[in-house]
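Chemist: here is my input, please return the structure:
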Amino acid sequence: METMQGKSVFGGVAIGPIAVFSKVDTTVRRESIDDADTEIERYHKASEDAKNQLQALYDKALKEVGEANAQIFEVHQMMLDDLDYVESVENIIRSENVCAEYACATTGDNMAEIFSSMDDAYMKERAADVKDITNRLIGVLSGKGASGMNATEPSILLADDLAPSETVQLDKSLVLSFVTRYGSTNSHTAILARTMNIPALIGVDYPENCEGKTAIVDGHKGTIIIDPDEDTLAQYRVKLEEQQKEKELLAKLKGKENVTKDGRKINIYANIGGVKDVASVLDNDAGGIGLFRSEFLYLESDDYPTEDEQFAAYKKVVEMMGGKKVIIRTLDIGADKQVGYFDLGKEDNPALGYRAIRICLTREDVFKTQLRAIYRASHYGTVSIMFPMIISLDEVKKCKEMAETVKNELDADGIPYGDVELGIMIETPAAVMISDVLAKEVDFFSVGTNDLTQYTLAIDRQNPKLDDFYDSHHPAILKMLKMIADNAHAGGAWAGICGELGADTTLTEEFLKMGYDELSVSPSMVLKVREKVRNADLS
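Modeler: Numbers count the residues shown, from 1 in each chain. So this is what the prediction gives:
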């Protein structure tokens, strides 16, 4: 039995086998071969295996995310048969007498460079596809497979760290807990763990070769126990039963109102990162969706999602919510959420850089496409739009102008849409200080406490060395929150909180006293916050 200490990012207990998230090293060596024909045959066999993998991915995606989002896997299959690609690989093998891995890597690099240098935006974006199919081929040839979680049953996932694009592609039904060597308590993986209501640890220097071993994760103590003895297993099985009983007690709050003992009402909504999360929203009886992170569509795609692809996803969520409010945040990438085909470039201070609304206001083609899709989806339910990272009145006015342009275009095309509220996220001290002016321009505020804390305290929330200094209860934050709510109401807007702090039940009564109208939290926290609200007496 081996116990290791880490830092907890979400509590709870998990027991299960270990699955290690593997990242394929696609670097290859230039190795000489004796028989070019045999090597070319090996390459063609690998190509067929890669196409079979892509067909399986297409079938899976077709069921889970629809035909539009699954088509990329068909495109990749066709690219493997591209004559220029195939002839290049074969020619390098024959002329240089080198291994297929090296020939594929060289071909991939050359073709990606050609695409990247093209003026046409669509062709430029094909570079990422070439790299993708090349990496898949090398993985097959080298026997390393593909990056991911090798598990067939619910498991405790160990990883060095997980990028946002990796977490969104996980089969979440197989994840009991996250344990990472690196990362921070405010990382994307941590937020995902809270959304999924599963224990998670960071900063754990777990041993190599532990795949398949039984482990216990204690999210309360921040420990993972590998190969526990029978007594320890028995103790934690009891804790697991108690955890399940607590869930059953909370379930009794389903259908109850979010009202305090003295009659104060508040809306409790849920944050989601994609269509699959809606089931959890409904299961936990949230009153609506207060934050729909639309960037999942971009993170999961190898190319810019089309208007129809986005419309299909938004429409599905809106219809599933059955008339309950769905607040869609416009594209929020940059900083820790990088999307290769946007070609954002390296920045010294990405958290302070080219991100969120700054991208949308300078990439109007991307912005307009998304707004058209959202407005079209609004015809099927109750939709609001929320713009992130606002720092000025001018930005708000430009966003509203673009919304009007989109509505005029839809009117001209005879495409129906609903009555859509427009709101902004308050995430910067600048937005707080002019919130009295901003409130007169929008229907609502939603406070992103994660970034507001980061920018107010001058702390990079992705830096694990600063976790002990990251204080979301700092007096400056609480004063700002009160100012935001007061200014919203004075200007005729309603105010909500959608950041992680909204789920902090030690502050629920404080938020009620400040006058907040809505709290949007991870689906798993909806009933816990409801319980706190119903037990509060503000008289």
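
Chemist: how many other residues sit next to M425?
Modeler: Applying other C-beta atoms under 10 Å, we find 26 residues neighbouring M425. Where C-beta positions appear, they are placed from N, C-alpha and C, glycine not excepted.

Chemist: check D436 too.
Modeler: D436 has 15 nearby residues by other C-beta under 10 Å.

Chemist: just give the closest residue to it, not the sequence neighbours.
Modeler: Excluding the flanking residues, the one nearest D436 by C-beta to C-beta, 6 or more residues apart in numbering is N487, at 4.3 Å.

Chemist: and the one you found, that's in a helix?
Modeler: Yes. Under DSSP: H, G, I helix; E, B strand; the rest coil, N487 sits within a helix.

Chemist: do you know the pLDDT at it?
Modeler: At N487, the model reports a pLDDT of 98.

Chemist: likewise for V339?
Modeler: For V339, the predicted pLDDT is 70.

Chemist: again with A61
Modeler: Listed pLDDT for A61 reads 60.

Chemist: number the residues from 44 up from this point.
Modeler: Got it, first residue is 44 now, which makes that one A104.

Chemist: strands along the stretch 344-493 of the chain, start to end?
Modeler: 368-372, 425-430, 464-469, 487-490 (DSSP state E, counting those that start in this stretch).

Chemist: repeat that for the stretch 44-193 of the chain.
Modeler: 45-48, 50-53, 56-65, 191-192.

Chemist: of those, which stretch is the most buried?
Modeler: strand 50-53 (a mean of 22; mean count of other C-beta atoms under 10 Å).

Chemist: just the CA atoms of that one, as PDB, please.
Modeler: Output of strand 50-53 as PDB, limited to C-alpha atoms (Å, rounded to 0.1, in the frame of the first residue of the first chain):
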ATOM      1  CA  LYS A  50      -3.700  19.100  -3.500                       C
ATOM      2  CA  SER A  51      -7.500  18.600  -3.600                       C
ATOM      3  CA  VAL A  52      -9.500  20.500  -6.200                       C
ATOM      4  CA  PHE A  53     -12.800  18.800  -5.500                       C
END
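
Chemist: quick one on the thing from earlier: adding distance to D125, write the strands of the stretch 44-193 of the chain out as JSON lines.
Modeler: Shown next, in JSON lines, are the strands of the stretch 44-193 of the chain (distance: least, C-beta to C-beta, whole Å):
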{"stretch": "strand 45-48", "distance to D125": "47"}
{"stretch": "strand 50-53", "distance to D125": "44"}
{"stretch": "strand 56-65", "distance to D125": "28"}
{"stretch": "strand 191-192", "distance to D125": "25"}
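
Chemist: contacts only, for L581.
Modeler: Applying C-beta atoms under 8 Å, 6 or more residues apart in numbering, we find L581 in contact with T303, D305, R307, E552, L555, K556.

Chemist: and if you look at G317?
Modeler: V211, R336, F339, L340, E343, A356.

Chemist: swap in P271?
Modeler: Taking C-beta under 8 Å, 6+ apart, one finds M44, T257, A258, I259, Y279 in contact with P271.

Chemist: out of these, who's the most crowded?
Modeler: Ranking these using other C-beta under 10 Å puts I259 first, with 26 neighbours.

Chemist: how about that residue, nearest residue that isn't a chain neighbour?
Modeler: That would be I268: by C-beta to C-beta, 6+ apart, it lies 4.3 Å from I259.

Chemist: the one you found contacts V56, correct?
Modeler: No. Using C-beta atoms under 8 Å, I268 is not in contact with V56; the gap is 10.6 Å.

Chemist: who touches both of the two?
Modeler: Contact with both I268 and V56 is made by residues I259, D261, Y279, according to C-beta under 8 Å, 6+ apart.

Chemist: which one of those residues is nearest A446?
Modeler: Closest approach between those and A446, by C-beta to C-beta: D261, at 47.8 Å.

Chemist: residues contacting the residue lying closest to the closest one once chain neighbours are set aside?
Modeler: Counting by C-beta to C-beta, 6+ apart, V56 is the residue found nearest to D261 once chain neighbours are left out, at 5.9 Å. Under the criterion of C-beta under 8 Å, 6+ apart, the contact list for V56 reads P242, I259, V260, D261, G262, H263, Y279, K282, L283, Q286.

Chemist: what's the answer for R573, then?
Modeler: Taking C-beta under 8 Å, 6+ apart, one finds L296, K299, N301, I311, D328 in contact with R573.

Chemist: rewinding a little: count of residues packed around the residue nearest to D479?
Modeler: Count around N530 with other C-beta under 10 Å applied: 22.

Chemist: thought it was touching K483?
Modeler: No. Counting by C-beta under 8 Å, N530 stays clear of K483, with 9.6 Å between them.

Chemist: CA atoms only for whichever strand or helix holds E285, dumped as CSV, please.
Modeler: For E285, the host element (DSSP states H and E) is helix 273-294. Taking Å, rounded to 0.1, in the frame of the first residue of the first chain, the C-alpha atoms of helix 273-294 are listed here in CSV:
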residue,chain,number,x,y,z
GLU,A,273,-8.3,-4.8,2.9
ASP,A,274,-8.9,-2.8,6.1
THR,A,275,-8.3,0.5,4.2
LEU,A,276,-10.6,-0.6,1.4
ALA,A,277,-13.3,-1.5,3.8
GLN,A,278,-13.1,1.9,5.6
TYR,A,279,-13.4,3.7,2.3
ARG,A,280,-16.2,1.6,1.0
VAL,A,281,-18.2,2.8,4.1
LYS,A,282,-17.3,6.4,3.2
LEU,A,283,-18.5,5.7,-0.4
GLU,A,284,-21.8,4.5,0.9
GLU,A,285,-22.2,7.6,3.1
GLN,A,286,-21.4,9.7,0.1
GLN,A,287,-24.2,8.0,-1.9
LYS,A,288,-26.6,8.5,1.0
GLU,A,289,-25.9,12.2,1.0
LYS,A,290,-26.7,12.3,-2.7
GLU,A,291,-30.0,10.6,-2.1
LEU,A,292,-30.9,13.1,0.7
LEU,A,293,-30.1,16.0,-1.6
ALA,A,294,-32.3,14.4,-4.3
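
Chemist: tell me which helix or strand comes right after that helix.
Modeler: strand 310-315.

Chemist: name the residues of that next one that come out as buried.
Modeler: For strand 310-315, a neighbour-count test (16 or more other C-beta atoms under 10 Å) marks N310, I311, Y312, A313, N314, I315 as buried.

Chemist: now it: average pLDDT?
Modeler: Rounded mean pLDDT across strand 310-315 is 95.
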